[in-house]
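In: Turn this into a structure:
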Amino acid sequence: MRKDLWLNYPESSTLLWMARQQQQSIWFHFLDVLLNIVIIVAIVGLIRTFLVSPFQVEGDSMVDTLEDGEYIIINKLTYYIGQPQRGDVVVFRPPNDHSKHYVKRIIGVPGDEISIRNGFVYIKEKGTDREVQLEELYLNDTNAGHTYKHPPSTQNQTEENYGIIPEGFYFLMGDNRMASRDSRSFPDFFVPEDDIKGRVWFVALPFNKLHVLEEATYTF
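Out: Okay, the predicted model is just below:
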């Protein structure tokens with residue numbers, strides 16, 4: 001009996017060693033997968049925080065530039081290395097409700113004096129006394145020449161002067177001027193730069209509307 005046990009012992013030891021090796025291999029594989037998941041999540045988090053981030057457009061306030069239901073990609077890096085510019089289409093948190101994100105176009109930059117009258121936007125740039133009518137080629141026929149003070153549905157053509165934009169703040173409006181809640185309706189009109197999350201880079205979905213947004217150009 002003892003001889004049989006002695007002869008079978010090496011075989012039992014080998015099986016035990018193999019079982020332990022297999023268990024260690026399973027744990028190593030599990031930890032390897034877990035580590036890769038953590039790394040991927042961290043990379044995605046860094047990309048979304050500092051580089052690019054997706055958003056879905058809700059509503060018609062940016063027609064025809066952006067349409068309801070489209071998925072857009074915003075570029076965050078551009079505002080880490082530079083400043084928002086007039087004409088940029090941006091995603092931001094409205095000052096009266098930080099739980100939401102809006103997408104609008106920057107119309108006025110720090111130092112500008114903004115006025116609306118007779119359906120048009122007028123700007124007096126910082127350091128000048130000359131007021132010019134803003135030429136907005138991105139507006140469709142329904143909205144061109146139909147920019148009114150809040151509420152826009154009244155089509156009130158009397159002048160509204162929003163004053164000089166302070167440093168670190170911006171004046172934003174939707175391209176669908178007749179149906180947009182924007183700086184015209186915000187309590188203090190202007191949006192802090194810190195609330196601007198990024199510039200809209202391109203439309204990602206649906207695929208048949210995939211395109212990069214064109215930069216707006218102005219002549220003064």
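In: Each with direction, which strands does the strand ranked longest in the chain pair with?
Out: Looking across the chain with DSSP state E, the single longest strand is strand 196-205. Using DSSP bridges, the strands paired with strand 196-205 are strand 71-75 (antiparallel), strand 89-92 (antiparallel), strand 211-212 (antiparallel).
In: How many neighbouring residues does Met62 have?
Out: Per other C-beta atoms under 10 Å, the neighbour tally for Met62 reads 24. All C-beta spots, glycine's among them, are computed from the backbone N, C-alpha and C.
In: re earlier: deepest of the strands paired with strand 196-205, which one?
Out: Mean neighbour count, computed with mean count of other C-beta atoms under 10 Å, is highest for strand 89-92 among these, reaching a mean of 22.
In: now the residue nearest the centre of the chain, which residues is it bridged with?
Out: For the chain, the residue lying nearest the average C-alpha position, counting by C-alpha atoms, centre = their mean, turns out to be Val91 (3.7 Å). Residues found in beta-bridge contact with Val91 (criterion: DSSP bridges) are Val103, Gly198.
In: Surely it is in contact with Phe55?
Out: Yes - here Val91 lies in contact with Phe55, judged by C-beta atoms under 8 Å, at a distance of 5.6 Å.
In: Name the residues contacting each of these two.
Out: 72, 74, 101, 103 (C-beta atoms under 8 Å, 6 or more residues apart in numbering).
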